[in-house]
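1. Sharing a model prediction with you, sequence too.
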Amino acid sequence: MRNQIEAKVKKGERINEKEALFLFEQNDLLWLGRLANLVKERISGNQVFFNINRHINPTNYCKNRCRFCAFSASFGDKHGYQLSLDQISEIAEQTGDIYEFHIVGGLHPQWDFDYYLQILKLLKRKKPNALLQAYTAVEIDHFSKISGLSLEQTIAELKSAGLNAVPGGGAEIFAEEVREKICPEKISAQRWLYVHRALHQAGLQSNATMLYGHIERYEHRVDHLKRLRELQDETKGFASFIPLAFHPKNTRLEYPYYTTGLDDLKTIAVARIYLDNFPHIKAFWIMLGEKLAQVSLWFGADDFDGTVEEEKITHMAGALTPSGLTRAELVALIRSAGREPVERDTLYQVRRVW
Ligand code: V47
Ligand code: SF4
């Protein structure tokens, strides 16, 4: 199997699910990394992309309360919060020149769709040059339900309020037997994929994630990647895949461990090899840590995400990384890992090659 996979990757041929499972079961990380790096360099050479962005999480009140999520809150919880439009306006005023606002939050039990639209319009008005990567498929499905609009109309409203692209959150693990244990209230895998298909058909680019390192097995990861590769074959609308390492602190999942460095690198490498139709694999340094994220640039990753500025979702679940990094720090991290840093915006338009 090993020789067969190696031959396929070298010839640029697609590997199948059995072979992907075999890769996950391998502990010969250097072999795996070499193969993934071959694919990475075929696509992006020595370049590694990063964004100048700022995360905004407008509220953590959420009616879903997924078991792995330490960020969300119910009314009455001490850590619950909701930002007013004035507070969001203040954040925009305090933000320098950036290429992107990344906006994700909870499904607030009382906010209406118009409030979420106001947030986009406000940020567009305050920072016309920043692209808006906002609202996961889970939130967009929620907007459609609370507004009574069809999914297509909901997406059209978001677009006319300034939405430029959609982040990859909410995918978690698609397999029903895992999903019903870790996020029973969340939309199904089919619905998540349906929303992304609709976004792509509406001309919007999106990302895809996979939350790994909890109760799922390798088979579930392969199934997850398979469903993403199939949709991407159909639409070509995904820009990047981001494996999200589960952080256990303050969550209600009984699995109490952080992921291992071995598993983090393996997951990035298998994703790079299997998802041959995804342009980018992102090393989200917030979750991986800066040092492992650097190493991952030789194991298939070609994107470092961005400056972020203020990260809440992972930090409330025990992340040990800083909450943000400066442009200079990102450039130094990428350069000292032996790669060429390339500043990009949300749509992967190159803004500066360092
Ligand atoms: O959907 C929640 C995950 C996601 C935990 O598209 C957790 O560019 C780990 O999707 N441990 C939101 N993960 C973040 C996200 C994202 C991040 C960076 C870039 C992009 C992009 C998207 O965070 C949620 C959920 O899957 N999450 N709790 C946790 N305890
Ligand atoms: Fe809500 Fe998202 Fe957290 Fe689930 S992961 S509880 S949908 S904020």
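-> Perfect, thanks for sending it. Ligands and ions are numbered 1, 2, ... in the order given.
2. Now do the same for the residue in the chain positioned nearest to ligand 1: helix, strand or coil?
-> Proximity of the chain to ligand 1 (Cβ to the nearest ligand atom) peaks at residue 169, 2.7 Å away. C-beta: built from backbone N, CA, C; applies to glycine. Secondary structure, DSSP: H, G, I helix; E, B strand; the rest coil: residue 169 is coil.
3. My read is that it contacts residue 209, right?
-> Yes - contact criterion Cβ atoms under 8 Å: residue 169 and residue 209 qualify, at 5.7 Å.
4. Now the residue in the stretch 101-250 of the chain that ligand 2 sits nearest to. Nearest residue, chain neighbours left out?
-> The minimum distance from the stretch 101-250 of the chain to ligand 2, using Cβ to the nearest ligand atom, falls at residue 106 (4.2 Å). If the residues on either side of it in the chain are set aside, residue 106 comes closest to residue 62, at 2.8 Å by Cβ to Cβ, 6 or more residues apart in numbering.
5. separation between that neighbour and ligand 2?
-> Separation of residue 62 from ligand 2 (Cβ to the nearest ligand atom, to the nearest Å): 3 Å.
6. What is the burial count for that residue?
-> The tally of other residues near residue 62 (other Cβ atoms under 10 Å) stands at 22.
7. cool, the one 3 residues further on as well?
-> For residue 65, the number of neighbouring residues by other Cβ under 10 Å comes to 17.
8. can you give me phi and psi for it?
-> With angles defined as degrees, to the nearest 10, residue 65 sits at phi 50, psi 60.
9. now residue 107
-> Backbone geometry at residue 107, expressed as degrees, to the nearest 10, gives phi -90, psi 90.
10. Could you measure from residue 324 over to residue 95?
-> Between residue 324 and residue 95 the distance is 11 Å, computed by Cβ to Cβ, to the nearest Å.
11. Mutual contacts of those two, please.
-> Taking Cβ atoms under 8 Å, 6 or more residues apart in numbering as the criterion, residue 324 and residue 95 both touch residue 309.
12. Which of the three states applies to the residue of the stretch 101-250 of the chain closest to ligand 2?
-> coil.
13. Show me what from the stretch 101-250 of the chain comes close to ligand 2.
-> Residues of the stretch 101-250 of the chain that fall close to ligand 2, judged by Cβ under 6 Å from any ligand atom: 106, 107, 138, 183, 186.
14. from these, which two are the most distant?
-> Greatest spatial distance among those (Cβ to Cβ): 106 and 183, at 12.8 Å.
15. where do the helices sit along the stretch 151-300 of the chain?
-> Taking DSSP state H, counting those that start in this stretch to define them, one finds helices in the stretch 151-300 of the chain at 151-160, 176-182, 189-201, 218-235, 261-274, 285-288, 290-296.
16. Now distance to residue 308, mean neighbour count and mean pLDDT too, for these, in a markdown table please.
-> What follows is those, written out as a markdown table (distance: least, Cβ to Cβ, whole Å; neighbours: other Cβ atoms under 10 Å; pLDDT from 0 to 100):
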| stretch | distance to residue 308 | mean neighbour count | mean pLDDT |
| --- | --- | --- | --- |
| helix 151-160 | 23 | 17 | 98 |
| helix 176-182 | 25 | 16 | 97 |
| helix 189-201 | 23 | 19 | 98 |
| helix 218-235 | 24 | 19 | 98 |
| helix 261-274 | 18 | 24 | 98 |
| helix 285-288 | 6 | 26 | 97 |
| helix 290-296 | 12 | 21 | 98 |
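17. circling back to that earlier point, give me every residue that touches the nearest residue to the residue of the chain closest to ligand 1 once chain neighbours are set aside.
-> Nearest non-adjacent residue to residue 169, counting by Cβ to Cβ, 6+ apart: residue 136, 3.9 Å away. The neighbours of residue 136, taking Cβ under 8 Å, 6+ apart as the test, are 104, 166, 167, 168, 169, 170.
18. can you redo the residues you listed as JSON lines with pLDDT, neighbour count and distance to residue 72?
-> JSON lines is the format used below for these (pLDDT from 0 to 100; neighbours: other Cβ atoms under 10 Å; distance: Cβ to Cβ, whole Å):
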{"residue": "104", "pLDDT": "98", "neighbour count": "22", "distance to residue 72": "12"}
{"residue": "166", "pLDDT": "98", "neighbour count": "29", "distance to residue 72": "20"}
{"residue": "167", "pLDDT": "98", "neighbour count": "22", "distance to residue 72": "17"}
{"residue": "168", "pLDDT": "98", "neighbour count": "24", "distance to residue 72": "18"}
{"residue": "169", "pLDDT": "98", "neighbour count": "21", "distance to residue 72": "12"}
{"residue": "170", "pLDDT": "98", "neighbour count": "26", "distance to residue 72": "12"}
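19. Closest one of the residues you listed to residue 145?
-> Distance to residue 145, by Cβ to Cβ, is smallest for residue 170 among these, at 14.5 Å.
20. The closest one reaches residue 186, doesn't it?
-> Yes - the pair residue 170 / residue 186 is scored as a contact, 6.8 Å apart, by Cβ under 8 Å.
21. Now do the shared contacts for the two.
-> Listed contacts common to residue 170 and residue 186 are residue 138; contacts here mean Cβ under 8 Å, 6+ apart.
22. With adjacent residues omitted, what lies nearest to residue 99?
-> Residue 99 sits nearest to residue 345 (Cβ to Cβ, 6+ apart), 4.0 Å away.
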